[in-house]
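Novice: below: sequence and its predicted model.
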Amino acid sequence: MEYDVAVIGGGPGGYVAAIASAKLGKKTVLIEKDKCGGTCLNRGCIPTKALLHCSELYKEAKTANNFGVNLDVKDFDYSKCYDHKEATSKKLRGGVEYLLKKSGCDVKFANGELLNDHTVKAGDETVTFKNLIIATGSVPAPNPFKVEEGAPLVNSDGFLELKKLPKKVLIVGGGVIGLEFATVLSEFESEVTVVEATPGVLPNMDREVADFAKSGLEKKGVKFFTGTFVMAVKKKGKKALVELKTGDKNFEETADLVVVAAGRRANTEGLNIKAAGVNTERGFITVDDRCCTNVPHIYAIGDVNGKSMLAHAASFQGRKVIDHILGIDNRIKLDIIPAAVFTRPEAGMVGLTEEECKQRGVPFTAKKTLFRANGKAISMGEPNGLCKLIADENGKIIGAHIFGAHAADLVQEVSALMNRETTVAQLKEMIHAHPTLSEILQECAREF
């Protein structure tokens, strides 16, 4: 059967593109080998946030006495947290499947294997297409160290399948995934150690924000080894013995479980991408700023192209690719994509960091304000945090970096302003409601 648009991969990039294509009258097929929703909905963003909500409720209940709410909370039932996670993913997955059906998109649950640049094999069927969108996402990167058989170790997918939390956990990787898992575990009173190879956690974020996030977790009892490499994980009885190296120093740590959250790689296994003549670089599919590959009618969106490994970036790329297929030439602003880390408090960022400005030779001015000066933050019992704005030599906002309560929401306001090329002078004249956390942004603009 021939389609106008074939999409391989049913994650937040693939299903959004498929629905948009079908709604606009294109004969569309979505090929998904597992479940609709991809990593984000089934093994990433959504299940992690469901568990973070559970751990936050437990933490809030344990500390409610500080606010005059007398609760006697002794423990928690993690099996019910697991059930909540599963129910959340199932409900959202059902919603995606309904929207696909309603749009008129055909869905085939099978592995998509390319036969040439116009044909894909989906299970026992052969599908031909005029345009193809590859949206196969990413998978956890393989362990960069030796692991003895039988040692208690899981990757990020395996962690989300745990129905009982171990008491002592060592997390390999101090990026977004590692710190969110550390938040869940520490709030559920597990003993947590995070090992990160780079000098600091959250290596892609502003250094001050990253340091605030690290400090916040340290206050919860999380122990960090930065600039440290895992050399091997061995089995020691029922525990894991982890061999570590910091500089010239070798040492060991034991844990009930090792969780590896040290990066992801493009998921192209079984795709047979060479048959279509599509180029790759370091495992990622190479694309231009319209997500076009070297084959004009084949596109790659989301994690598989490595441009921005965020679910919302994949969705946006999917919509823009459909525009391009329809003859609407819209470039994607990959330099203005907000990102968040759901530690407690949260971290949010958009645009350039100070470090990036220095590396690129971009003239800039950075100013910051602290959450402890904000009435709403104090009333919430959330005084820990900072807001930093970065402006170019003309005062245009080119970056925002926030750590504190609802940072993920606050950074979205700045993202909208950056898309309209707003200056700090304009921001400081925009009236913000009182008392709100958003006043922190206006106060920061007034520092310029």
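Specialist: Structure received.
Novice: partners of the helix or strand hosting residue 193 in the sheet?
Specialist: Here residue 193 sits within strand 191-196, counting by DSSP states H and E. Using DSSP bridges, strand 191-196 pairs in its sheet with strand 168-172 (parallel), strand 223-226 (parallel).
Novice: wait, which of the ones you listed is closest to residue 211?
Specialist: Nearest to residue 211 among the strands paired with strand 191-196 is strand 223-226 (10.7 Å), distances taken as C-beta to C-beta. Using the backbone N, CA and C atoms, a C-beta is placed for each residue, glycine as well.
Novice: deepest in the core, which of the strands paired with strand 191-196 is it.
Specialist: Mean neighbour count, computed with mean count of other C-beta atoms under 10 Å, is highest for strand 168-172 among the strands paired with strand 191-196, reaching a mean of 24.
Novice: residue nearest the centroid of this protein?
Specialist: residue 310 (5.1 Å; C-alpha atoms, centre = their mean).
Novice: how far away is that one from residue 143?
Specialist: Applying C-beta to C-beta, to the nearest Å, the value for residue 310 to residue 143 is 24 Å.
Novice: over to residue 137?
Specialist: Between residue 137 and residue 143 the distance, using C-beta to C-beta, works out to 20 Å.
Novice: more neighbours: which of the two?
Specialist: residue 137 (27 against 16; other C-beta atoms under 10 Å).
Novice: backbone dihedrals for the more buried one, please?
Specialist: Main-chain torsions, residue 137, degrees, to the nearest 10: phi 70, psi -150.
Novice: what's the answer for residue 425, then?
Specialist: Torsion angles, degrees, to the nearest 10, at residue 425: phi -60, psi -40.
Novice: which positions in stretch 83-100 come out as buried?
Specialist: Neighbour counts over stretch 83-100 (16 or more other C-beta atoms under 10 Å) mark 85, 88-89, 92-93, 96-97, 99-100 as buried.
Novice: again, but for stretch 149-165
Specialist: Going by neighbour count (16+ other C-beta under 10 Å), the buried part of stretch 149-165 is 151-156, 159-160, 165.
Novice: and those residues, which of them are in strands?
Specialist: 153-155 (DSSP state E).
Novice: secondary structure element for the residue nearest to residue 86 when sequence neighbours are not counted?
Specialist: Nearest residue to residue 86, sequence neighbours excluded (C-beta to C-beta, 6 or more residues apart in numbering): residue 47, at 7.8 Å. In this structure, residue 47 sits in helix 45-63 according to DSSP H and E.
Novice: any buried residues in that helix, and which?
Specialist: In helix 45-63, counting by 16+ other C-beta under 10 Å, buried: 45-48, 50-55, 58-59.
Novice: so how far is it off the chain centroid?
Specialist: In this view, helix 45-63 has its centroid 17 Å away from the chain centroid, taken as C-alpha atoms, centre = their mean, to the nearest Å.
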